[in-house]
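Peer 1: 3D model of this:
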Amino acid sequence: MNKFFTAVSAVLLGASLWGAEALDAKKAADFTGDVKDIKDVGGGVVRISTKKPAFRIRTKKIAIDPSQKYKLSVEYRKVPGSKSEGRFYCGPTNFDAQGREISCDSLFPVAGSETTLVTPVKVGDRIVRIKNGSKWQVKYGRIAFNVKNDLSDLPNFDLLRFSAIKPIGFVWEVTLSAPAPKAYPEGTAVRNHLDGASYRYLVGNAVPGDQWKKVERVVEGVSRDNVPEKNNSWRIGSVSAALVFFINGKDLDLEIRNVKITPIL
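Peer 2: The predicted model follows:
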């Protein structure tokens with residue numbers, strides 16, 4: 001009887017794994033974004049030739065199960081015969097159940113920065129008054145609203161940028177980078193977040209060579225940003241994923257192939 005149930009469980013598990021979505025982007029039609037600058041060259045190779053300083057494409061999204069292992073992989077090289085010296089980046093990007101792209105600042109809390117609003121925030125305000133800003137950081141700073149001490153609010157998209165913070169009497173005044181677009185009542189729980197790397201890069205600031213180069217990574221589980229295991233996991237809240245490519249500078253002539261997100265069975 002035990003052997004029977006073990007066998008049935010194995011079959012069901014196998015069926016579940018084999019039903020997992022996979023990504024295999026081998027044609028220009030498998031990408032979205034600045035697709036006018038990419039084309040098929042045959043054999044599953046996609047060519048990217050652009051002079052745009054803000055070029056970005058990504059693959060189509062696939063549904064993911066963060067509890068399962070996946071292999072991310074891509075091969076790249078310079079277009080044969082080209083003099084391209086442009087640099088490029090590639091990495092996974094994640095989306096939540098509402099289709100929102102999960103950014104670093106939504107998952108990068110400053111430890112011990114939780115506090116509350118001393119006065120209400122009204123639409124159009126540029127100053128936010130908080131009870132304690134002693135641990136807050138200005139560089140790349142965000143105010144996250146309606147936070148939870150156990151971090152269960154992550155990813156938190158209720159964010160405002162700020163450019164300065166200073167103590168004034170018994171409160172701290174935070175200067176917003178732009179007028180507040182919505183109101184928050186006195187006592188709202190807030191936290192300092194930071195921005196950081198846009199993606200968890202597979203390839204970063206790379207100059208492609210003449211020969212194909214393969215990069216790959218295994219990811220499983222979820223984590224917030226600025227933790228040691230972040231590059232080997234998805235971002236918290238992820239239900240779908242894609243691979244994104246963009247450039248630093250211009251004049252990039254690049255070929256890519258075997259662009260994959262593959263469940264490990």
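Peer 1: and stretch 124-132, how far apart are its ends?
Peer 2: Using C-alpha to C-alpha, to the nearest Å, the span of stretch 124-132 from its first residue to its last is 23 Å.
Peer 1: got it, and stretch 22-38?
Peer 2: From its first residue to its last, stretch 22-38 covers 22 Å (C-alpha to C-alpha).
Peer 1: and if you look at stretch 119-138?
Peer 2: First residue to last in stretch 119-138 (C-alpha to C-alpha) measures 21 Å.
Peer 1: contact partners of that stretch?
Peer 2: 110-113, 115-118, 143, 160, 162-165, 167-168, 171-176, 179-186, 188, 190, 192, 194 (C-beta atoms under 8 Å, 6 or more residues apart in numbering). For the C-beta atoms, the positions are set from N, CA and C on the backbone; glycine is no exception.
Peer 1: again with stretch 97-106
Peer 2: Under C-beta under 8 Å, 6+ apart, the answer for stretch 97-106 is 93-96, 140, 142, 144, 154-157, 159, 193-198, 225, 235-239.
Peer 1: Give me the buried positions along it.
Peer 2: 101, 102, 103, 104, 105, 106 (16 or more other C-beta atoms under 10 Å).
Peer 1: Write a ChimeraX command that selects only the buried members of the contacts of stretch 119-138.
Peer 2: Applying 16+ other C-beta under 10 Å to those, the buried members can be selected in ChimeraX as follows:
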select :110,113,115,117,118,143,160,162,165,172,173,174,176,180,184,188,190,192,194
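Peer 1: What about the contacts of stretch 119-138, which are in strands?
Peer 2: With strands taken from DSSP state E, the overlap with the contacts of stretch 119-138 comprises 115-116, 143, 160, 162-165, 167-168, 171-176, 190, 192, 194.
Peer 1: Find the least confident helix or strand in the protein, judged by mean pLDDT.
Peer 2: Lowest by mean pLDDT, DSSP states H and E among the helices and strands of the chain is helix 2-18, with a mean of 38.
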